[in-house]
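Asks: sequence? don't have it. structure:
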Ligand SMILES: *Cc1c(COP(=O)(O)O)cnc(C)c1O
């Protein structure tokens with residue numbers, strides 16, 4: 001089944017909409033594994049979306065490198081509980097994987113890190129540590145006393161929705177997030193406007209969520225300028241670099257991540273541009289002690305958080321999947337060069353697609369291609385969201401390429417995010433031919 005799947009991945013339908021599936025009753029007697037596999041193959045597989053292939057450009061979606069897939073299967077076969085080093089070397093290998101990743105992203109030694117399920121959880125953990133920090137600024141131990149009395153303000157220019165969700169989960173509240181303007185025609189924060197805010201809010205604790213790779217256009221806040229501001233003002237700098245962190249691997253885009261080491265906490269996804277299977281992301285911070293205060297899990301039979309190398313004192317989970325292993329496999333198998341090649345090839349493909357759209361009369365490129373995201377729209381008067389979703393459902397049903405919709409600066413638009421290890425410029429030629437063919441049907 002796996003061999004067939006990979007042989008045909010280039011032709012397999014990338015996106016699919018399934019309205020409903022039959023709601024079965026739980027059997028009293030089991031059917032047996034072989035027969036369930038047969039049922040799965042016949043009834044479920046034909047309805048799957050092949051988002052792991054090279055023609056899926058929705059959201060920001062990676063596939064899985066062969067090495068990471070092997071690692072992922074071994075995670076389940078050996079089924080280690082990577083919570084602490086009481087009886088397994090799994091956590092030690094996770095520490096080693098984090099050390100590899102720090103080298104990959106040029107992060108300073110002073111960062112510690114751990115694996116969580118995704119960038120959302122990484123943002124959550126980072127903001128939980130930031131909240132503990134904010135409490136200490138005000139003489140409040142949030143881990144003991146709660147956050148209800150904390151004078152705290154969270155600011156960002158183009159924050160990902162998951163950070164705002166994290167504010168709700170953390171009891172900080174969505175309303176305590178304030179939007180700072182972007183530079184005109186950009187999604188990057190206006191540093192002067194941020195400085196105005198900081199200079200007039202010195203009595204509150206401030207958390208700045210910087211964006212290194214916005215989902216619409218792959219735009220970056222100026223991390224060096226934010227670092228400079230940190231020399232003048234006291235604030236927590238969280239950088240959401242879920243996919244943008246990989247700019248560090250491309251000589252042409254490396255400058256976008258300059259200043260990353262000013263961060264107090266960083267989010268980077270593995271299941272997007274590192275191309276490992278769901279679910280995996282990394283959380284990095286320079287404030288491990290604060291992290292331990294938030295997440296420590298003390299019980300008589302467990303270790304003491306103040307001295308512990310155990311992950312369950314630093315992450316939301318206690319029992320933990322050996323989530324680092326697919327990443328360890330892919331980094332060991334392909335090295336920095338292998339992964340840099342994927343990033344650069346994807347960026348070239350994005351640039352190429354951007355050029356094709358720019359030269360066409362039917363489409364408008366809405367922003368320069370800065371990394372691996374192409375944001376465009378139909379070249380019609382007053383394009384509506386309905387027109388975009390009609391166009392995208394025609395593209396999806398055509399069956400060979402898949403994009404997702406967005407709204408950019410008030411304009412209904414389409415995004416192509418190129419982050420699959422198999423995708424190159426030829427796939428973008430094919431995608432361009434398809435969108436040209438489909439728009440004629442509208
Ligand atoms: C995808 C993404 C997230 C959320 O990541 P999940 O892995 O889906 O939880 C957060 N921030 C940015 C910038 C993203 O691209």
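Replies: Cool, got the structure. Everything numeric in this text was worked out from a predicted model, so none of it was measured. Residues are numbered from 1 along each chain as shown.

Asks: any idea where the strands of the stretch 251-400 of the chain begin and end?
Replies: 265-269, 281-285, 363-365, 373-378 (DSSP state E, counting those that start in this stretch).

Asks: would you turn the ones you listed into CSV with distance to the ligand and mean neighbour count?
Replies: Placement of C-beta: from N, CA and C, glycine included. Listed next are the strands of the stretch 251-400 of the chain as CSV, based on distance: least, Cβ to the nearest ligand atom, whole Å; neighbours: other Cβ atoms under 10 Å:
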stretch, distance to the ligand, mean neighbour count
strand 265-269, 5, 29
strand 281-285, 5, 27
strand 363-365, 20, 18
strand 373-378, 10, 25
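
Asks: Need those in a markdown table (columns: mean pLDDT).
Replies: A markdown table is the format used below for the strands of the stretch 251-400 of the chain (pLDDT from 0 to 100):
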| stretch | mean pLDDT |
| --- | --- |
| strand 265-269 | 98 |
| strand 281-285 | 98 |
| strand 363-365 | 97 |
| strand 373-378 | 98 |
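
Asks: right, so of the ones you listed, which gets closest to residue 230?
Replies: Closest to residue 230 of the strands of the stretch 251-400 of the chain is strand 265-269 (Cβ to Cβ; 13.1 Å).

Asks: Now do the closest one: distance to the chain's middle.
Replies: 8 Å (Cα atoms, centre = their mean, to the nearest Å).

Asks: same check, this time on stretch 379-398
Replies: Computed by Cα atoms, centre = their mean, the separation of stretch 379-398 from the middle of its chain amounts to 26 Å.

Asks: buried set for that stretch?
Replies: By neighbour count with 16 or more other Cβ atoms under 10 Å, stretch 379-398 contains the buried residues 383, 388, 391-392, 394-396.

Asks: How about stretch 135-149?
Replies: Residues of stretch 135-149 classed as buried by neighbour count (16+ other Cβ under 10 Å): 135, 137, 140, 142-143, 147.

Asks: And stretch 423-437, by the same measure?
Replies: For stretch 423-437, by 16+ other Cβ under 10 Å, it's 423-425, 427-428, 431-432, 434-435.

Asks: which one of the buried residues of stretch 379-398 is nearest the ligand?
Replies: Proximity of the buried residues of stretch 379-398 to the ligand (Cβ to the nearest ligand atom) peaks at residue 392, which lies at 19.2 Å.

Asks: just to revisit the earlier point, mind listing which of the buried residues of stretch 379-398 are in helices?
Replies: Counting by DSSP state H, the part of the buried residues of stretch 379-398 found in helices is 388, 391-392, 394-396.

Asks: what sits against the closest residue to residue 147 other than its chain neighbours?
Replies: Closest residue to residue 147 apart from its sequence neighbours, by Cβ to Cβ, 6 or more residues apart in numbering: residue 171 at 4.8 Å. Contacts for residue 171 (Cβ atoms under 8 Å, 6 or more residues apart in numbering) come out as 146-148.

Asks: For residue 171, identify the helix or strand it belongs to.
Replies: For residue 171, there is no helix or strand it lies in under DSSP states H and E.

Asks: Residue 413 now?
Replies: Under the criterion of DSSP H and E, residue 413 resides in strand 411-417.

Asks: Okay, buried residues for that strand please.
Replies: Neighbour-count burial for strand 411-417 flags 412-417 (criterion: 16+ other Cβ under 10 Å).

Asks: Now do that strand, average pLDDT.
Replies: Summarised as a single mean, pLDDT over strand 411-417 is 98.

Asks: for the very next helix or strand once past it, what is the average pLDDT?
Replies: On the C-terminal side of strand 411-417, the nearest following helix or strand under DSSP H and E is helix 425-439. Averaged over helix 425-439, pLDDT sits at 97.

Asks: I would like the residues contacting helix 425-439, please.
Replies: For helix 425-439, contacts defined as Cβ under 8 Å, 6+ apart pick out 54-55, 57, 348-350, 352-353, 356-357, 360, 362-363, 378, 391, 394-395, 398, 400-401, 416, 418.

Asks: and the gap between residue 397 and the ligand?
Replies: 26 Å (Cβ to the nearest ligand atom, to the nearest Å).

Asks: So which residues on the stretch 1-150 of the chain come close to the ligand?
Replies: Contacts of the stretch 1-150 of the chain with the ligand, taken as Cβ under 6 Å from any ligand atom, map to 60, 118-120.

Asks: for those, which one is nearest residue 11?
Replies: Checking these one by one against residue 11 (Cβ to Cβ), the nearest turns out to be residue 60, at 23.2 Å.

Asks: is it true that the closest one touches residue 272?
Replies: Yes. Here residue 60 reaches residue 272: they are 4.9 Å apart, a contact under Cβ atoms under 8 Å.

Asks: Most widely separated two among the buried residues of stretch 135-149?
Replies: With distances taken as Cβ to Cβ, the most widely separated pair in the buried residues of stretch 135-149 is 137 and 143, at 14.5 Å.

Asks: is the top helix by length along the chain up against the ligand anywhere?
Replies: With secondary structure taken from DSSP H, the chain has its longest helix at helix 325-359. No. Contact of helix 325-359 with the ligand (Cβ under 6 Å from any ligand atom) is absent, the minimum separation being 13.8 Å.

Asks: Pull the number of nearby residues for residue 93.
Replies: Neighbours of residue 93 under the rule other Cβ atoms under 10 Å: 17.
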